[in-house]
Every structure is written in C-alpha cells, then in structure tokens.
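Can you look at this prediction? I've put the sequence above it.
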Amino acid sequence: MASNIYFWAHILINRPKKNEMILVTGATGFLGAELIHQLTTQGNQIRALKRKHSLIPSLIAANTKIDWRIADINDISALDDTFEGITQVYHCAAFISFDPKDKSKLFHINIEGTSNIVNLCSDYGARLLHVSSVAALGDARKGQLITEKDFWEYDAKAHNYGISKYEGEMEVWRGIAEGLDAVIVNPSVIIGAGAGYTGSGAIFKLVKEGLSYYTRGATGIVDVEDVAKSMVALMNSKESAERYIISSENYHYQHFFEEIAKGFGVKAPAREAKPWMLGIAWRAAKLASLFTGKPAALTSDAARSSLNESLYSNKKIKHITGIEFKPLKQSIADACAGLITK
C-alpha cells in the first residue's frame, strides 16, 4: 500500500509543467477522446491531431484546452510542424480491421505511421507512450495467463492486424534501443459508450439486435476510462523501456454477451456457434460483399479469433500504478446505458 501512495505522489509532483505541451495522435478516436478529456480535466493544455474530415467527439468538442492540428501520421511535413514545443506524446492513432483487403492500409498506418512518430519523438526529445494491443502479444503456455513477457511469433494463420501492431511495437523498441524515452501499453478489448456502435461497440449492437449465437472463445476486456487513467499514470512516472497489459477481467464470450443482453433488457444468445458454422458464415459474408460492394460483415480472421481463448494478466500494471479497475459488470452496464439512446 505504501509503495502505491509513493507512486501516485510521484505522479502529482511530476505532472507536466504549464509551459510544457502534450501531443495526442488519434485524438478523435474512442480512446483518444477519453484520454484528452482526462488530461484537460487535470488542467493540461493539449495539442491534438485529427485528419481533415474526422469528426470531433461530443465529449471534447467544446473543450477550450485543445489546440487542434490537421495532420496525418503518414505526412511527415505536416506532422513535423506539430512537434514544436512538445514534451510528451500519446500515440493513440491506429487502424483496426480484420478484413484481408486492408493489409496495405494496416501496415501503412500502424507500422510506417508509428515509425514516423518514433523518429520525431527522438528528434524533439519527447517522451512517448505508444498504444499497442494485446494482439501484439504471444500465446500463453497451457494453463497460464498471457503476460508482458510473451512475445508474438509469426505463423501462417496470423491476421494482418496482429502483424501490423506487432511490427508497430517493434518500431518503438527500435527507438528505445536508440535512446528514446518510451513506454508501451497493450490494452485488451476496450469498451465504453463512447465507442458508439463501431469497434467494440459493434458487439453491443449485435446483441441488442438479437444475436442468437455465441462462441467458446474468451478474451480480456477493459473500460476505456481505466485505459486512459493507466496511460496518464505511466506517462508521468519514471517507468521507461517497458510494456504493460491493461486489462480488467477475462470473460468468455458467452458471459460477455449475457451481460450485454442484461444491460439492454434483451434475450441473451443461447446457441453455440460451432467452427464449421463460422466457416460457412464468413464465406457467405464474403460472397455477399461481392454483390453489395460493402465490407464483409464477418471475415475469416474475425471468425477464427472468436474461437481463441486468450486470457491476460494485469498483475504488472496493478503493481506499478496501484490502479483498481472498474468491475467489468459495471462497465458493461454503463456502456449499455449510454448506448440505449444512440
């Protein structure tokens, strides 16, 4: 307990000075918006990056402590101009997709874009907090939880998103080897009403609309507020050249769907989707996309991931920061309550 008190005392003492500036990439995203909300609530001035046509979330739309800059992380000239006076960088920008057609875009943004951020942080002497993903972690040995010591290995069935996040993280490790002051976080599935019905919110939408099936897979889940809180704590600590899993609890998908159904007051999925059924489903979705021109509602990578049982340890982040995660049942209930009106 005493060590946790000292950690948070250090955070308060070492918060950014008023003449320092914090840069957030991916500022209009689900996590980026929550992070900025927390940082500005603490009195910080923020420089935030957005693409030209990105919409600013209502959570931070009227926030006067934000200096908005239009820049793409793959546009070096525009990006360079935003780093003047920056001392801390939260790199939240990323592209998420399990569609094989998006391989080039995934690699361009998640690897090349991250490389640009790493290089500019090194050039300007800024401290970096990079948002990776549990997708960049390795598989646990049988009967054990996945930890920060598990490193991802290539295999023939690896999905492009996982590869892109792993390679993006390797760019940060490259920077660290060259002297960059940086930490890496690996969040599990992030939930919250702010996601709307995209990303993790798509799962909530499916259950709300009467999803009938569940899969046997399992994964880690965490509230967006806890992810942002952990990021701020780590950025303002002395920790460097380390990675941290940020995950509240491990849930089997059946349990996850049941809690969502309870939150919406609808019937929970009651039938298990067998692997062969998912095989038919993603192939049918792919065929349908050829006629509609729209992205497939289910891809082979997404179907395969839903069958995996990936359980994560949060021991390291809890030990370092002393954070107490919001109970996942409460996080799911809060997300459902916020989504009901959307």
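Nice, thanks for sending it over.

For residue 181, list the residues it contacts.
Contact analysis of residue 181 by CB atoms under 8 Å, 6 or more residues apart in numbering lists 127, 128, 240. Where you see a C-beta, it was placed from the backbone N, CA and C, and this is true even at glycine.

Buried members of the residues you listed into PyMOL, please.
The buried residues among these can be selected in PyMOL (16 or more other CB atoms under 10 Å) with this line:
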select buried, resi 127+128
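
Spell out the secondary structure type for residue 185.
Under DSSP: H, G, I helix; E, B strand; the rest coil, the three-state class of residue 185 is strand.

got the contact list for it?
Residue 185 neighbours (CB under 8 Å, 6+ apart): 129, 130, 131, 132, 227, 230, 231, 234, 243, 244, 245, 246.

Would you format the contacts of residue 181 as a markdown table with pLDDT and secondary structure included?
Output for the contacts of residue 181, formatted as a markdown table (pLDDT from 0 to 100; DSSP: H, G, I helix; E, B strand; the rest coil):
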| residue | pLDDT | secondary structure |
| --- | --- | --- |
| 127 | 98 | strand |
| 128 | 98 | strand |
| 240 | 97 | coil |
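
Which single one of the contacts of residue 185 is nearest to residue 208?
residue 227 (23.3 Å; CB to CB).

quick one on the thing from earlier: mind listing which of the contacts of residue 185 are in helices?
227, 230, 231, 234 (DSSP state H).

so which two of these are the farthest from each other?
Applying CB to CB across the ones in helices among the contacts of residue 185, the maximum distance is between 227 and 234, 10.8 Å.

Tell me where this structure has helices.
Using DSSP H, helices in the chain cover 2-13, 30-41, 76-81, 103-107, 114-124, 160-177, 201-208, 224-235, 253-264, 275-292, 300-305, 315-321, 328-339.

Can I get those helices in TSV including distance to residue 188, mean neighbour count and mean pLDDT?
Formatted as TSV, these follow (distance: least, CB to CB, whole Å; neighbours: other CB atoms under 10 Å; pLDDT from 0 to 100):
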stretch	distance to residue 188	mean neighbour count	mean pLDDT
helix 2-13	22	12	49
helix 30-41	12	22	98
helix 76-81	29	14	91
helix 103-107	19	16	95
helix 114-124	20	20	97
helix 160-177	13	21	95
helix 201-208	13	19	89
helix 224-235	9	22	98
helix 253-264	12	20	94
helix 275-292	22	13	52
helix 300-305	13	19	60
helix 315-321	11	17	96
helix 328-339	11	18	97
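
and the ones you listed as JSON lines, adding distance to residue 24?
Shown next, in JSON lines, are those (distance: least, CB to CB, whole Å):
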{"stretch": "helix 2-13", "distance to residue 24": "18"}
{"stretch": "helix 30-41", "distance to residue 24": "6"}
{"stretch": "helix 76-81", "distance to residue 24": "13"}
{"stretch": "helix 103-107", "distance to residue 24": "21"}
{"stretch": "helix 114-124", "distance to residue 24": "11"}
{"stretch": "helix 160-177", "distance to residue 24": "16"}
{"stretch": "helix 201-208", "distance to residue 24": "21"}
{"stretch": "helix 224-235", "distance to residue 24": "10"}
{"stretch": "helix 253-264", "distance to residue 24": "29"}
{"stretch": "helix 275-292", "distance to residue 24": "34"}
{"stretch": "helix 300-305", "distance to residue 24": "28"}
{"stretch": "helix 315-321", "distance to residue 24": "20"}
{"stretch": "helix 328-339", "distance to residue 24": "22"}
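
Please name whichever of those is nearest to residue 137.
Using CB to CB, the nearest of these to residue 137 is helix 160-177, at 8.6 Å.
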